[in-house]
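Student: Next comes the sequence, and after it the predicted model I'd like to discuss.
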Amino acid sequence: MSIDPTPPPPQETRLRDLRPSEAPVLIVARVVTAERKEVTRRSDGGRRPVLSGLLSDGTATVRFTWWDPPAGGVERGTVLRAGNVQVREFQGRPELSFNWRTRVEPAGEGDLPPIRPEDIPTQTVAQIAPGDEGFRLDARVVRVRPKTVSVGEERRLIHEGTLADRTGTIGFTAWTDLRLKDGEALRLTGVYARGFRGRPQLVLDERTHAERFGGDGLPDARSVQAPGPTPIAEVEAAHGGDWLAVEGIVVALSPPSGVVYRCPTCQRSVTKGLCRLHGAVSGVADLRARLVLDDGTGALTVNLGRAQTEKLWGRSLDQALDALREVPDPDRLSELLFENVFGRRLRATGRASLDDFGVTVQPETVEEVRFDPAPRLAELTRELVERR
């Protein structure tokens, strides 16, 4: 009896069923992200092209690495069928590796597996962790704003914002225009979570489905869009927050504040005529204020842009530039700004993040809070009398 030495062809595997193994697999998936770069070979020091990114088939999203990819590259959104793909493990999760044995051919939307709504588990915002995918989320849009970013040599329009349910808030980036609006309730599928500055953040793309519904079980739009102030110590303990309000007294002004100069291409700060990304440039004047707020439980930095600084200071960028022409001393201008804001009680609402320098808030709104100290003084007096 003869034995056929040819191994059977690999069976098509859904991405949610991938397990690290020596046996190759056959997959059908859509390219979610793809970035081409070159790496140095250890053997001879030569350069080798590699394409890396994310693939999804609706059941899961996984990382992939494609060694020696086609010269023309692969566009985002392309559906492909790949055979003889190796499944490795990266940071405890499966990762796909395309090598010289892998055979890749185009596929269509109809080749992707059908997904029934009842097969998709529901998660709350509080349950989401970086790396999660294949879940459904019911949430309300707190805010959404367009933003232009650079992806390689390409400028792309994305939408950033915040979602909320009764367990918390989470930031998101939408790489496709889902026509989201502030305050509407959504049932989202086809999203995945990544880590950003120590917190999970949702990614929405071409495979995301957003269904509008009545919002049963979600907080109302007003309560999530205008939250009450959170103690700064709690913000620091939570490593920031995706949408919150803080309130405190301005106790310091951090540099650079006042008139600054920005690169006309990337908007980064320019130091001595040099942009760290574009070299020598002619900087464009801008106005900003980096305020330090203290609420008695802790302190944080609030970054104000030009419009917010002008409103708070009562002085425009043109007026600030005129003052610099009269007295060309940027430090003196910063002192004037600090004299104006010192001791004022402010409430800032927006996104907060924690890094090695502490908590920083990028506010959507900043408003002055009129504070009557008399009731608080009376309360402190009573406490002192009771302790005697």
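Tutor: Cool, the structure landed.

Student: residue ranges with poor pLDDT in this structure?
Tutor: For the chain, the stretches with pLDDT under 70 are 1-10, 115-119, 151-153, 376.

Student: Okay, domains of it per the record?
Tutor: Per automatic domain parsing, the structural domains of the chain span 15-111, 121-224, 226-371.

Student: Could you check how far the first one is from the centre of its chain?
Tutor: Just to be clear, that refers to domain 15-111. Centroid separation between domain 15-111 and its chain, computed with Cα atoms, centre = their mean, to the nearest Å, is 25 Å.

Student: Kindly check the end-to-end length of that domain for me.
Tutor: Taking Cα to Cα, to the nearest Å, domain 15-111 runs 14 Å from one end to the other.

Student: Same question for the longest one.
Tutor: From the first residue to the last, domain 226-371 extends over 19 Å; the measure is Cα to Cα.

Student: Between the domains of the chain, which one is closest to Leu384.
Tutor: Leu384 lies closest to domain 226-371 among the domains of the chain, at 16.7 Å (Cβ to Cβ). For the C-beta atoms, the positions are set from N, CA and C on the backbone; glycine is no exception.

Student: From the chain's centroid, how far away is the closest one?
Tutor: That offset, for domain 226-371, works out to 20 Å (Cα atoms, centre = their mean).

Student: who's in contact with the residue lying closest to Glu12 once chain neighbours are set aside?
Tutor: Spatial nearest neighbour of Glu12, excluding adjacent residues (Cβ to Cβ, 6 or more residues apart in numbering): Leu26 at 4.8 Å. Neighbour list for Leu26: 9-13, 81-85 [criterion: Cβ atoms under 8 Å, 6 or more residues apart in numbering].

Student: Can you point out the buried residues in the helix or strand hosting Leu26?
Tutor: Per DSSP states H and E, Leu26 falls inside strand 21-40. Along strand 21-40, these residues count as buried under the neighbour rule (16 or more other Cβ atoms under 10 Å): 24-25, 27-34, 36.

Student: my read: Arg81 touches Ala107, true?
Tutor: Yes - if you go by Cβ atoms under 8 Å, Arg81 and Ala107 touch, sitting 4.2 Å apart.

Student: Overlap of the contact sets of the two?
Tutor: Val28.

Student: Could I get the phi/psi values of Arg262?
Tutor: The phi/psi pair for Arg262 (degrees, to the nearest 10) reads phi -120, psi 150.

Student: likewise Glu12?
Tutor: Per degrees, to the nearest 10, the backbone of Glu12 is at phi -60, psi 130.

Student: can you check Val341 too?
Tutor: Backbone torsions of Val341, given as degrees, to the nearest 10, read phi -100, psi -20.

Student: Please name the nearest non-neighbouring residue to it.
Tutor: Excluding its sequence neighbours, the residue lying closest to Val341 (Cβ to Cβ, 6+ apart) is Val250, at 4.8 Å.
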